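Participant: sequence first, then the predicted structure, then my questions.
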There are 2 protein chains.
Amino acid sequence: MFPILRNPLLFFTFFCIFSIVTAQKVHPLDPLTPFELIQVQTIVKKSFPSSLHNVSFHYVGLDEPDKSLVLSWQSNHHRIDENLSRQAIIIVRIDLKTHEIIVDLSSNSIVLDKVYNGHGYPILNSEEQNAAGNLALAYTPLVASVEKRGLKVEEVVCSPFTIGWYGEKRANREVRVMCYYLDGTINFYMRPIEGITVTVDLDQMKIIAYRDRITVPVPKAEGTDYRESMQKSPFDSKLKGITVVQPDGPSFTIDGHTIRWANWEFHLAFDMRAGPIISLASIYDPEKDENRWVMYRGFISELFVPYMDLTEEWYYRVFFDEGEYGFGLCALPLEPLRDCPENAVFMDGYFSGLDGTPGKISNVFCIFERNAGDIMWRHTETGIPGEVIREVRPEVKLVVRMVSTVGNYDYIVDWEFMQTGTIKVNVGLTGLLEVKGSIYTHKDQIQEEVYGTIVAANTIGVHHDHFLVFHLDLDVDGDANSFIKKNLQTKRDKRSKRRSYWTAISETAKTESDARIQLGSGAAELLVVNPNKKTKLGNCVGYRLIPKSEAVSLLMDDDYAQIRGAFTKYNVWVTPYNKSEKWAGGLYTVQSRGDDTLATWSLRNREVKNKDIVLWYTLGFHHVPYQEDFPIMPTLSSGFELRPSNFFEHNPVLKLKPPKQIYKICPNSSVPPDQ
Amino acid sequence: MFPILRNPLLFFTFFCIFSIVTAQKVHPLDPLTPFELIQVQTIVKKSFPSSLHNVSFHYVGLDEPDKSLVLSWQSNHHRIDENLSRQAIIIVRIDLKTHEIIVDLSSNSIVLDKVYNGHGYPILNSEEQNAAGNLALAYTPLVASVEKRGLKVEEVVCSPFTIGWYGEKRANREVRVMCYYLDGTINFYMRPIEGITVTVDLDQMKIIAYRDRITVPVPKAEGTDYRESMQKSPFDSKLKGITVVQPDGPSFTIDGHTIRWANWEFHLAFDMRAGPIISLASIYDPEKDENRWVMYRGFISELFVPYMDLTEEWYYRVFFDEGEYGFGLCALPLEPLRDCPENAVFMDGYFSGLDGTPGKISNVFCIFERNAGDIMWRHTETGIPGEVIREVRPEVKLVVRMVSTVGNYDYIVDWEFMQTGTIKVNVGLTGLLEVKGSIYTHKDQIQEEVYGTIVAANTIGVHHDHFLVFHLDLDVDGDANSFIKKNLQTKRDKRSKRRSYWTAISETAKTESDARIQLGSGAAELLVVNPNKKTKLGNCVGYRLIPKSEAVSLLMDDDYAQIRGAFTKYNVWVTPYNKSEKWAGGLYTVQSRGDDTLATWSLRNREVKNKDIVLWYTLGFHHVPYQEDFPIMPTLSSGFELRPSNFFEHNPVLKLKPPKQIYKICPNSSVPPDQ
């Protein structure tokens, strides 16, 4: 949750050149350019001059045109349509009120300015997070508490945490500040200063409550620093060099934000809330000689991270990493050769700071072809006398990666596109645990509930969950789709010697309640089909969801945390497409009350059959920490797959030639000649 | 299920040289060398000369020494122990009786010859499968049936299928033969000749029953041939060349069958039944400066593949790919550059044919380092004023791969070793569906249960399952281990504003019944721990199983197929180590009656607490075919992870230096210099 100090000045020269080069050619879903962000800032500031108003920007993004307009633009060969105006949506606090402003960028005007009076607040901006941390550091009682513990104030860093909502009638815009100790390590997250609760009112930017309840030892610094330069020998065995090589360059092209690779085409945008947004993903079907729609839009709608410690200083740690901190805003530049392989190409992202000034995140995405040694399909046939037939196609995939570092945690998000038509999403969790300082130095001393695992002396790795809910607006061969649950049901057949078998009984969800699914409650195939498009054989064309995790929230339904994160109660939801239903935890997630979530929208129980529908998948991780997670966690991964299922008439990669064989890369290479 | 015609003569010169080179240095778990296989053949034939006896070999493998002897050999720096004799186990049919023979290779003698009188028969050998197929092809009524269908006999190929057991009191050693049609394709599996049942008695090698019940159209040949040479333009877009490069060679060494890579050491053997067997896997812990035991033995114990069609010609298709066909025996040479990447090293495997003559499977395994662009761990720290700290370690893994082609299906098995201490297993399913000929050419015509999906005209992809049960004899820091199920239980706490949380309640399995688990019935962590070895913090050292599939068998308990494959009723089982309990479907799986399975052993409900235990994980796939699976299936993968969990004192790869950076691979390369 720590903010990033980026220098907006350095950025200016860049964006000026940038805007000249690319201003002409805009895709309706392109993220706002730095030029447009400045334009937004100028327009808003003109209406609400700083001299008269207290203005702070919390979100600026593209107000995407209506889906119908985008689709018609796409099908009309990108002909400019005057209805397809370019607009920005701005969420801004003006004089302590939340405004939703829509700016029309072509007419240079505000077309909507609505004050939001409902529950919850917008994403915290980096600057106010910094300010809240600094406020605590300068606060005399905190300094006294630090000194009372025998600690040096200059080695303390503080970070604000969102506080959620626990039934309070009135809720000012508040955060709690948690402090940590450096003194000999950069891994301050392993050194929490427990027992102190500092409450900051963000609108007043003032500490409104302070309590130093209990003193707990701060864990020691030794062994926590993960920097290569700080390690002492003996070192682990170093592997010999290994790299990927593409002598003729990559096989993909990037045209603005449109990426084309093999049979795929899609649009990739950066959003300061969602991070990567994949749009208009289509795949070329050589048999039909056309690009066929697969997904209008795919992105992570919310992350819900509840901790399982109910003590005074911990119970409120229930984070919504997107709606509270901005999953895109927390992304940081990827490191070439380490975060992404040698053959990666990078893309930058832009956001708006506190006063609307654009900032740049260099290398926010990387795009590369993954050559992992996998096999796309194969068979060896020995059943024909005198013949041995072997056909193998190696698998190469296209990966789009972003890493978001939300405070202590690093989320690696990979969208993978496969020539078979499959889209895979992998999420890797790494970074640092959120640990709790403790009096205990050995497990045998622990006789009470400590809400976690002892992972180091005086250090408890607190139990928690990570739930990532994906908004998957599949448009399988068009936007009128249905959701089918094929239940695998056991049948008895007395006439047979076998006695039983299973068969697939398809149920088409009529309304939203039919499509809410807790996985693990029975074997089933989950499909989004187009009931209006059939294969030549009469099967509905479809894509199926193959989940890798079945975790759902274990919190009780009346737990305030669960009310706010109610979308984690089911792994799968289906809703009719609604432009406004983007954020599963609500648009105003900070101190939200759960009245605007996927779960509440879905209560209307709307019809979802043969409609433009959105599939939501909640990817969950229950995290019981282990000592290996200290002081930095080896990546733990999970994900899901969207796989064409009767979408193509047959295996779509039958005619695929294997990638060009590379011959003699280096003088010393022993790779055999092209075959 | 088609046999492989390998030429034993070609092989002889090779093995002679081979045996001279390597005879001296033998690991007690090394598979039998070709020389030893000949020795076995000679000894058995001397006792049972062909002139007097009808002898056929069905299995020859290492009769592994007692675990205690192997462990003491290993801990005594490989000092030769006279108790550590080298023995072979041979399963052979002699004059229509099954013999289990143990040959001592040092004394050149048979030390045990036991006639097996129980239910079930040994693995089919390739030669008898061939013979049964040929018998059918030469059978006049079959020829008449073929001609009656207007088909050309010379275009027919036939394959024997095991028949299972359906409550019969008497059961001769029988197979059913299924025939297919080539005529314009090599993908005969897509062209079944339905309606005919040919029953062959293997001991008499004679057709004992024949029935031509019904005529069904044979699906057409067009579009079924998957060979590159047979594809017509337009071709799919070909990717540019991409490859992996290791200018200094691989980072692993292979010493006989012992593989060392990074911190890992393990033994890899080929077995004609199990395929790859990983033994004595240990990991070097630099902190303790010792190799620590992780797994004594890991292998696929059985594959259970029941089809879900109960018609007369299909109900018996319930296959045990290991116990009936030999998963190793069905492995075929891997194709360099396609089945395995450029940096792979290959290893051969040996088996015995019908008369005991050794055969070789070249390139049966490949071993390579996977550089997939993954991240082992990372963090970017921006919370310290004035500093941006970014540390990233890319992930490189070691992979051991085998592909077994059991008739139509290809199973890709990858054992992955990671420097973090994790062992991952991935299984990919590809190859050809077992389809059924049908009168239907369009879905709308189908008004009855067809037990599958129409995947092409006149072609039903029949519903089926794949269950792979893994024998995982973990020895975490020694052989006395316990199995712990950490249930994640929701707790209510009225004192807190939060109302609920989950905590982990550990249950140690006392007996086998405590450890039988159907996944999906509640969130839990599953660990094998050493209750006698603790970390400095007092946590039991352990490894946990992270399953990626929760599928269990959907068949009814009294279904004969399920009785035989009862190990698929649970995902997880734990048994005390017992040298004889290797094959989850029983040693004699052909026509077995389910009296010797993991499920029956486990009925004794033995103690498993603080014992040498074996963890069994059943990895299941329910396969509902889709049109994309026709005529050859894109790979579908799943697997599991064994992850150190309080095994190390902390993250074991903190001190790991990233692989050596490669600089200027080629003149045109744009890779930056070493950093």
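Facilitator: That came through, no problem.

Participant: what about stretch A:382-395, average pLDDT?
Facilitator: In this model, stretch A:382-395 carries a mean pLDDT of 95.

Participant: using PDB, write down the CA coordinates of that stretch.
Facilitator: The C-alpha coordinates for stretch A:382-395 follow below in PDB (Å, rounded to 0.1, in the frame of the first residue of the first chain):
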ATOM      1  CA  THR A 382       2.600 -47.800 -34.500                       C
ATOM      2  CA  GLY A 383      -0.600 -49.600 -35.300                       C
ATOM      3  CA  ILE A 384      -0.100 -49.700 -39.000                       C
ATOM      4  CA  PRO A 385       2.100 -52.600 -40.000                       C
ATOM      5  CA  GLY A 386       5.500 -51.400 -41.300                       C
ATOM      6  CA  GLU A 387       5.000 -47.800 -40.400                       C
ATOM      7  CA  VAL A 388       5.900 -45.600 -37.500                       C
ATOM      8  CA  ILE A 389       4.200 -42.200 -37.800                       C
ATOM      9  CA  ARG A 390       5.100 -39.500 -35.400                       C
ATOM     10  CA  GLU A 391       3.700 -36.000 -35.500                       C
ATOM     11  CA  VAL A 392       4.500 -33.400 -32.900                       C
ATOM     12  CA  ARG A 393       3.800 -29.700 -32.700                       C
ATOM     13  CA  PRO A 394       5.600 -27.700 -30.100                       C
ATOM     14  CA  GLU A 395       3.700 -25.100 -28.200                       C
END
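
Participant: these two touch, right, residue A:54 and residue A:97?
Facilitator: No. The criterion here is CB atoms under 8 Å, and residue A:54 misses it with residue A:97 at 9.9 Å. C-beta here means a position set from N, CA and C on the backbone, and glycine is covered the same way.

Participant: which parts of chain A are helices?
Facilitator: A:8-22, A:34-47, A:67-75, A:126-137, A:140-148, A:560-564, A:598-601 (DSSP state H).

Participant: of those helices, which stretch is the most buried?
Facilitator: Highest mean neighbour count among those (mean count of other CB atoms under 10 Å in any protein chain shown): helix A:560-564, with a mean of 25.

Participant: do that helix and chain B meet?
Facilitator: Yes. Contact of helix A:560-564 with chain B (CB under 8 Å from any CB of the partner chain) involves A:560, A:561, A:562.

Participant: of those, which is the nearest to residue B:331?
Facilitator: Checking those against residue B:331 with CB to CB, the nearest one is residue A:562 at 50.1 Å.

Participant: if I pick the closest one, what's in contact with it?
Facilitator: Contacts for residue A:562 (CB atoms under 8 Å, 6 or more residues apart in numbering or on different chains) come out as A:306, A:553, A:555, A:556, A:568, A:569, B:500.

Participant: dump these into TSV; add pLDDT, distance to residue A:427 and neighbour count as well.
Facilitator: Listed next are these as TSV, based on pLDDT from 0 to 100; distance: CB to CB, whole Å; neighbours: other CB atoms under 10 Å in any protein chain shown:
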residue	pLDDT	distance to residue A:427	neighbour count
A:306	98	17	28
A:553	97	17	25
A:555	97	21	26
A:556	97	26	17
A:568	97	15	28
A:569	97	20	17
B:500	97	25	22
